[in-house]
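Participant: need the 3D shape of this:
(chains A and B)
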Amino acid sequence: MTQHTRAKSDVVVPSEFKPSGQIQFGVFFQGVNSGTIWKAAESGSQTDFESFRRIAQTAERGLFAAFFLGEGLRLREHLGRPHALDVVGRPDAQTMLAALASVTKNIGLVATQNTTYNDPADLAHRLASLDLISGGRAAWNVVTTDNAWTGANFRRGGYLDHADRYKHAEAFVETAKRIWDSWKTPDGPARRVLHEGQHYTVDVTPRLPRSAQYRPVLFQAGDSPEGRNFAARQADVIFSAHPKLDDAVEFRKDLVERSVAAGRGANAVQIMPASEFILAPTDAEAAEKKEWVRSLQIGPQQAIAYLEQFWGRELSAYDPDGPLPEIDPVVEETSETRGSGFHGAKARQLADQWRAEAKDKGLSIRQVVTSKTARIDATFTGSYTAVADQLAEYARVGAVDGFNISPWLIPTGLDDIVNHLVPELQERGVYPAEYRGSTLREHLGLETPVRTADTAAQAVTA
Amino acid sequence: MNAIHTSHPQGFLAIELDGAGWDGADITRAVLAAESAGFHAATFTDAPAPGRANALQRAAFAGPVSRTIALVPEVDTVYTEPFHASTQLASLDYVSGGRAGWIATAAESPEAADAVGRSSVNGAALGQEAAASIEVSRRLWDSWEDDAVIRDVATGRYIDVDKLHYVDFETPAGFAGPGYSVKGPSIIPRPLQGQLPVLVQASLLGEVAVDAVDGVLVSGPAAELLAAEVRDVRARVGASVSVIAELDVVLDAHGQAASERSAGSDRARFEGGRAQYAGSAAGLTDFLTDLLAEADGVRLHPAVLFVDLEELARLVLPDLRRRGALRPVVQDGTFRDLLGLPRPASRYPIASAAHASAGK
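Facilitator: Here you go, the predicted model:
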């Protein structure tokens, strides 16, 4: 037990980290982007409650720890108009999760919510409400935004410098934690919470008791060094972008170092990379299915639009099955208007690189774009047994605590995972056989949070 | 509509479910009891109070477990972001199958101001905030035309961008608070009802235009003065806006007279400013029969939710139905259906068509 666990790459998980030997699943109902196929006959509604109910209840049947919803506070645009080619338009995360709480019993309910365009007292109150209504199943996936483009939908407008976004987010999260921890004790009333920051002043006496899991679980997804440090200090789970085994082990090592440095235990922050599963009874069938999935995720129009985003100009004259455009981008950098994933890329540099790569490998526009957009590392393709073996290795090594699965089909996209993959994993002893308790914190095996110190008397400046 | 309707004006009954608290099982029990009793709508107050969870989330939780009852939370317009309020309310409409409504509130509250670090808003400025927030929501709800999601495989378009609209809201000149703008479009498609019914307290009318709302909540200092208040408001708003009387209720229950309950441990924790009825179920039935001849609806605020709701279900609503005083409950109906409101077309295609013809 004291020996280092070795991954195939020979990267070693730090010895102070104790692998659970298990993996868990979450499901991310995306609602926006090209990952969800809308062109197939089986593609259902992206807004009807039934689609959400179906995914959440299927996930619960498969003992998933959590159901995630994303958030984007301005519609993505393409060349100055709303982007038309991908799935778009989704319900508010907490409203939908509150509704799902009434038709599910165990699964955790994770709302992505922005620290830039919310008020700490209001958001903390709403999350505490969701946590109480659901019987201790709520979580908050903390995200930041700094652009004025999104701010155009809000009273506040754009106000935050990019450099300040984590500083601001951290002050926000700490204020929220103090609000959640301010419940009455037998000896005293609810504590008044004061916060005076650069952008916010909060003076509130919170109104809700603690939930069955004390306070909402915190997820975080940022991958920059600042984002990782933020997670190491504040989060319970990191929704990482490192699903490949070697990378995942490296990421674990990095995060363990950061959380130990932040004064927390080596096991304090769990890791659940974003992932996609394309499964079938045999590897060959799965490979074939993958071709079909990819062709529907990135159709000819989407391939051209993707390039247009980097070229900053219309390219509809180009053949999606032909070579990359010989003309150069008209922008230096891509803008945030297609979503943060596109933001700030060096357009000309990338164009040169892609042209060289395409020429080298003989790739068409569509093939290049598919290779850039698909979750290459994050996709597990294969037979149920082969993928189960692969995941068992992650569990054995302790590379991750679970996977956050983005189904490419709504509302049936979890069926084969729950019906076939989960039983294979259970047979291998690497997946829960039942829910461990009734709260999300219990499902994840997280410790009861220590109540934050009573800092209400002094104003904290951040 | 039918014979009864022509002989007696029929009204609807709403009930405030605040007393159910924040526990999911209690919210379910309350909304199902109200629905099976024949209440047409359930409301959820959101005024800050110890132990009171977010109203919109309580309403959302009630959505999938109920079938016909309208779900109408209060959402503040002063210290919230109008863009969030609009998205949350539209989402409530989706999770309730088109049974959502909105009581748009704007109350003087130094505590609420301190919580978000803003200066306290009062007087006429409250109504201005409400008017602005309602206008933002209404525009955002129209910002996706009904058929904007086209899923056209041949052209690869999931949406038709010509059917999405920037709302470009700006607070009007003379707006007392810090002015703001909202760009749009909405991040969720058009609500199932097109527009959610919007209700406000009568005190906000004036700054909030009659055209901006679908219902007005009317309070009175005493039960016997309520009908006159209703007539006053009716004269201001006309027939197209629902006038809804507000009534606190304490009934004789569990062998105790209402007066004893009011004085004893069941002492009503009413939030003030509303007329109260305390007495027998039969007396309330008579009172409501008369009141529903004047008002389109009455909202009841029970002193102790589960105690008074049981008496209302057992003794009051059945009698009101027998007398033909209540509108029939429509299976799978929307809140708009209940209020007799047609589903409106989005304002934007009309505007863009007018713009196009003006340019010719």
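Participant: tell me where chain A has strands.
Facilitator: Ranges of strands within chain A are A:24-29, A:66-69, A:77-78, A:81-82, A:108-114, A:138-143, A:193-196, A:201-204, A:217-220, A:237-238, A:270-271, A:274-280, A:379-383, A:402-405, based on DSSP state E.
Participant: make that chain B, sorry
Facilitator: Counting by DSSP E, the strands of chain B are B:12-16, B:41-44, B:70-76, B:102-105, B:149-152, B:157-159, B:169-170, B:181-182, B:198-201, B:215-218, B:242-251, B:275-279, B:297-302.
Participant: now those strands as CSV including distance to residue A:202, mean neighbour count and mean pLDDT?
Facilitator: Yep, even glycine has a C-beta here, placed from its N, CA and C like the rest. What follows is the strands of chain B, written out as CSV (distance: least, CB to CB, whole Å; neighbours: other CB atoms under 10 Å in any protein chain shown; pLDDT from 0 to 100):
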stretch, distance to residue A:202, mean neighbour count, mean pLDDT
strand B:12-16, 29, 26, 98
strand B:41-44, 25, 26, 98
strand B:70-76, 16, 25, 98
strand B:102-105, 21, 26, 98
strand B:149-152, 39, 15, 97
strand B:157-159, 39, 21, 97
strand B:169-170, 27, 17, 98
strand B:181-182, 24, 20, 98
strand B:198-201, 28, 24, 98
strand B:215-218, 31, 26, 98
strand B:242-251, 33, 25, 97
strand B:275-279, 37, 19, 95
strand B:297-302, 31, 24, 98
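Participant: what about those, which gets the closest to chain A?
Facilitator: strand B:157-159 (4.7 Å; CB to the nearest CB).
Participant: what's in contact with that closest one?
Facilitator: Counting contacts by CB atoms under 8 Å, 6 or more residues apart in numbering or on different chains, the residues outside strand B:157-159 that touch it are A:38, A:82, A:84-89, A:301, B:148-152.
Participant: if we go to 7 Å?
Facilitator: A:38, A:82, A:84-88, B:148-151 (CB atoms under 7 Å, 6 or more residues apart in numbering or on different chains).
Participant: which among these gets closest to residue A:284?
Facilitator: Nearest to residue A:284 among those is residue A:38, at 26.8 Å by CB to CB.
Participant: show me the contacts for the residue of the stretch 251-360 of chain B found nearest chain A.
Facilitator: Nearest residue of the stretch 251-360 of chain B to chain A (CB to the nearest CB) works out as residue B:348 at 13.4 Å. Taking CB under 7 Å, 6+ apart as the criterion, residue B:348 is in contact with B:142-143, B:145, B:165.
Participant: ok, residue A:52 - how many residues close by?
Facilitator: Number of residues near residue A:52 (other CB atoms under 10 Å in any protein chain shown) recorded here: 28.
Participant: for it, give its distance to residue A:68.
Facilitator: Separation of residue A:52 from residue A:68 (CB to CB, to the nearest Å) stands at 12 Å.
Participant: tell me the helices and strands packed up against the least confident helix or strand in chain A by mean pLDDT.
Facilitator: One helix or strand of chain A scores below all others by mean pLDDT, DSSP states H and E: helix A:365-373, with a mean of 88. In terms of contacts (3 or more CB pairs under 7 Å, 6 or more residues apart in numbering or on different chains; DSSP states H and E), helix A:365-373 is packed against helix A:300-311.
Participant: run the angle between the helix it packs on and helix A:365-373 for me.
Facilitator: Helix A:300-311 runs at 70 degrees relative to helix A:365-373, counting by axes from the mean of the first three to the mean of the last three CA atoms, to 10 degrees.
Participant: now do helix A:300-311: everything it contacts.
Facilitator: A:34, A:78-79, A:85, A:314-316, A:318, A:320, A:325, A:329-330, A:334, A:338, A:342, A:345, A:347, A:350-351, A:365-366, A:369, A:373, B:156.
Participant: and if we set it to 6 Å?
Facilitator: Defining contact as CB atoms under 6 Å, 6 or more residues apart in numbering or on different chains, one finds that helix A:300-311 is touched by A:34, A:78, A:85, A:315, A:320, A:329, A:334, A:338, A:342, A:347, A:350, A:365-366, A:369, B:156.
Participant: need the per-residue pLDDT for residue 171.
Facilitator: Defaulting to chain A. The per-residue pLDDT reported for residue A:171 equals 94.
Participant: think we crossed wires, I meant chain B
Facilitator: You'll see residue B:171 listed with a pLDDT of 98.
Participant: what's the distance between residue B:319 and residue B:281?
Facilitator: Applying CB to CB to residue B:319 and residue B:281 gives a distance of 8 Å.
Participant: which residue of these two possesses the greater neighbour count?
Facilitator: For residue B:319 versus residue B:281, neighbours defined as other CB under 10 Å are more numerous around residue B:281 (20 against 17).
Participant: which residues are in contact with that one?
Facilitator: B:251, B:311, B:315-316.
Participant: if we can go back for a sec, what would the strands of chain A look like in TSV with distance to residue A:310, mean pLDDT and mean neighbour count?
Facilitator: Formatted as TSV, the strands of chain A follow (distance: least, CB to CB, whole Å; pLDDT from 0 to 100; neighbours: other CB atoms under 10 Å in any protein chain shown):
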stretch	distance to residue A:310	mean pLDDT	mean neighbour count
strand A:24-29	26	98	26
strand A:66-69	29	98	26
strand A:77-78	12	91	18
strand A:81-82	17	92	18
strand A:108-114	26	97	25
strand A:138-143	24	97	27
strand A:193-196	41	93	21
strand A:201-204	41	94	22
strand A:217-220	28	97	26
strand A:237-238	29	96	28
strand A:270-271	31	96	23
strand A:274-280	23	96	22
strand A:379-383	23	96	20
strand A:402-405	27	97	26
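Participant: any chance of a markdown table for the ones you listed, columns distance to residue A:425?
Facilitator: Output for those, formatted as a markdown table (distance: least, CB to CB, whole Å):
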| stretch | distance to residue A:425 |
| --- | --- |
| strand A:24-29 | 9 |
| strand A:66-69 | 17 |
| strand A:77-78 | 40 |
| strand A:81-82 | 40 |
| strand A:108-114 | 19 |
| strand A:138-143 | 23 |
| strand A:193-196 | 43 |
| strand A:201-204 | 44 |
| strand A:217-220 | 22 |
| strand A:237-238 | 19 |
| strand A:270-271 | 17 |
| strand A:274-280 | 12 |
| strand A:379-383 | 12 |
| strand A:402-405 | 11 |
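Participant: want to throw those into a markdown table with distance to chain B?
Facilitator: Listed next are these as a markdown table, based on distance: least, CB to the nearest CB, whole Å:
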| stretch | distance to chain B |
| --- | --- |
| strand A:24-29 | 13 |
| strand A:66-69 | 10 |
| strand A:77-78 | 9 |
| strand A:81-82 | 5 |
| strand A:108-114 | 10 |
| strand A:138-143 | 10 |
| strand A:193-196 | 8 |
| strand A:201-204 | 3 |
| strand A:217-220 | 17 |
| strand A:237-238 | 22 |
| strand A:270-271 | 26 |
| strand A:274-280 | 19 |
| strand A:379-383 | 22 |
| strand A:402-405 | 22 |
